[in-house]
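Visitor: below is the sequence, then the predicted model.
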Amino acid sequence: MSTRAVWTLLLVLAVAGCAGSGDSVTFPSAPAPTSRPTATPSSAPVPSAPPSSAAVRETIATGLPVPWGLAFLPDGTALVTLRDRGEVLHVARGSGGGSRRAPAVSVGHVPGVQPGGEGGLLGIAVSPAFASDRSVFVYLTSSDDNRVIAMTFDGTRLTPGAVIVRGIPKAGNHNGGRLAFGPDGYLYISTGDATRRDPAQDKASLSGKILRVTTGGAPAPGNPFPGSAVWSLGHRNVQGMAWDKAGTMYASELGHDAWDELNLIQPGRNYGWPVVEGIAHQAGFVDPLVQWPTDDASPSGIAVGADGAIYLAALRGESLWRIPLEGKGRTGKPQRLLHGTYGRLRTVMSAPDRRLWLFTSNTFRGTPRPGDDRILALPLPVH
């Protein structure tokens with residue numbers, strides 16, 4: 001992306017603070033097969049942009065208690081999960097004017113949700129064949145496990161259906177929970193290690209994995225391990241999944257006490273947890289594309305924007321990170337946007353109108369501000 005385009009993007013997003021000495025990110029260097037060097041962060045500053053009109057942003061909804069999952073319907077409206085209430089909202093498209101508030105209407109509670117800690121009603125995904133099957137899928141924490149259930153949405157109410165995946169380990173922390181349909185039409189499910197580290201390396205466990213299944217919950221054709229739903233392993237707590245136009249898959253990963261990660265996901269590959277964290281250059285494990293000190297990120301949702309860059313919502317880092325994609329698994333220098341402007345950021349997704357929808361997450365482990373939690377829409381330049 002040209003320098004002029006980057007400045008345009010920063011102007012549109014009205015960056016409150018940009019990268020400085022504490023905004024450290026690192027990239028993998030050439031492998032060192034016989035050694036394990038310590039990764040050293042680089043922190044070239046990104047210049048601050050002058051303030052711009054608030055009219056370029058739109059507030060879609062306010063006053064939401066712990067919003068978590070987001071999925072768009074074919075008509076451009078959205079379904080939003082409220083984690084602790086076990087409730088799904090139907091949210092109308094934004095007005096585009098920046099001052100009106102689009103309604104958020106409850107379309108039902110999901111049965112069996114048992115919230116606690118980071119668990120509850122988490123991810124949601126709309127079937128690619130929604131126009132004919134009306135199917136919606138949700139990820140929830142029950143009394144016994146984390147699971148995925150199928151539901152139908154008639155435009156007014158959600159009706160529960162069958163459990164399609166059960167037995168995903170649950171805990172107060174590290175429940176994973178993102179759902180997304182890939183370009184191949186199959187359902188991808190992120191799971192956490194549920195605070196028990198070793199099963200992330202066990203192919204027979206659903207813990208610490210990305211799963212790939214049919215809409216009936218069976219292992220999808222072409223999965224790397226015969227008869228298994230496992231697509232990739234060695235994850236601590238994947239919180240975001242997205243694909244670029246070429247069909248390349250990316251995922252965000254919450255680190256332990258050293259490095260948060262953005263990974264390029266490939267079938268059957270091992271992403272290292274709990275053996276390694278961050279860039280390790282260790283045989284058998286995939287290094288992240290980018291890593292951040294945990295204070296700067298604690299990544300949650302990710303999206304590929306209309307400009308072809310990855311956008312990563314940061315919780316502890318209270319930022320929206322923009323990571324340029326340069327093809328063939330390469331990334332440009334990350335840029336820190338909206339630093340401190342809205343507090344903790346949970347979910348980001350590219351909307352049908354090519355804007356980004358962004359959730360705050362200040363009503364959980366944050367300091368709520370008037371109107372929190374909220375859904376925002378941010379227009380981006382298209383290249």
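Guide: Alright, I've got the coordinates.

Visitor: please, where are all the helices along this protein?
Guide: Ranges of helices in the chain, per DSSP state H, are 3-13, 130-133.

Visitor: against Arg147, how distant is the closest residue to Trp273 other than its chain neighbours?
Guide: Computed as Cβ to Cβ, 6 or more residues apart in numbering, the closest residue to Trp273 that is not its neighbour in sequence is Arg236, at 4.3 Å. Bear in mind the C-beta positions are built from the backbone N, C-alpha and C, glycine included. Arg236 sits 20 Å away from Arg147 when distances are taken as Cβ to Cβ, to the nearest Å.

Visitor: ok so, going back, neighbours of the residue nearest to Trp273, just the number please.
Guide: By the criterion of other Cβ atoms under 10 Å, Arg236 has 24 neighbours.

Visitor: repeat for Ala351
Guide: By other Cβ under 10 Å, 20 other residues sit near Ala351.

Visitor: wait, doesn't it sit right on Ile375?
Guide: No: applying Cβ atoms under 8 Å as the test, Ala351 and Ile375 come out as separate, 10.5 Å apart.

Visitor: for these two, list the residues in contact with both.
Guide: By the contact definition Cβ atoms under 8 Å, 6 or more residues apart in numbering, Ala351 and Ile375 are jointly contacted by Trp357.

Visitor: show me which residues of stretch 321-333 are buried.
Guide: Trp321, Arg322, Ile323, Pro324, Leu325, Thr331 (16 or more other Cβ atoms under 10 Å).

Visitor: sorry, slip of the keys, the one I care about is stretch 133-145.
Guide: Arg134, Ser135, Val136, Phe137, Val138, Tyr139, Leu140, Thr141, Ser142, Asp145.

Visitor: out of the residues you listed, which two are the most distant from each other?
Guide: Greatest spacing in those, by Cβ to Cβ: Arg134 and Asp145 (26.2 Å).

Visitor: surely the residue nearest to Trp273 is in contact with Gly278?
Guide: No: between Arg236 and Gly278 there is no contact under Cβ under 8 Å: 11.0 Å.

Visitor: okay, and the common contacts of those two?
Guide: In terms of Cβ under 8 Å, 6+ apart, Arg236 and Gly278 are both contacted by the residues Gly255.

Visitor: low-scoring stretches of the chain, by residue?
Guide: Low-confidence segments of the chain, defined by pLDDT under 70: 1-56, 94-102, 381-383.

Visitor: how about 50 then?
Guide: Scanning the chain for pLDDT under 50 picks out 1-24, 26-55, 95-101, 382-383.

Visitor: just give me the longest strand of it.
Guide: When the chain is parsed with DSSP state E, its longest strand is strand 158-168.

Visitor: adjacent strands (with direction) for that strand?
Guide: Strand 158-168 sits in its sheet next to strand 146-153 (antiparallel), going by DSSP bridges.

Visitor: would you mark the buried spots in the strand it pairs with?
Guide: Neighbour counts over strand 146-153 (16+ other Cβ under 10 Å) mark Asn146, Arg147, Val148, Ile149, Ala150, Met151, Phe153 as buried.

Visitor: for stretch 211-218, same thing?
Guide: Neighbour-count burial for stretch 211-218 flags Leu211, Arg212, Val213, Thr215, Gly217 (criterion: 16+ other Cβ under 10 Å).

Visitor: looking at those residues, which is nearest Leu187?
Guide: Once Cβ to Cβ is applied, the member of the buried residues of stretch 211-218 that ends up nearest Leu187 is Val213, at 5.3 Å.

Visitor: quick check: bridge partners of that closest one?
Guide: Going by DSSP bridges, Val213 forms beta bridges with Leu187, Pro219.

Visitor: I figured it hits Arg166, correct?
Guide: No: using Cβ under 8 Å, Val213 is not in contact with Arg166, being 11.8 Å away.
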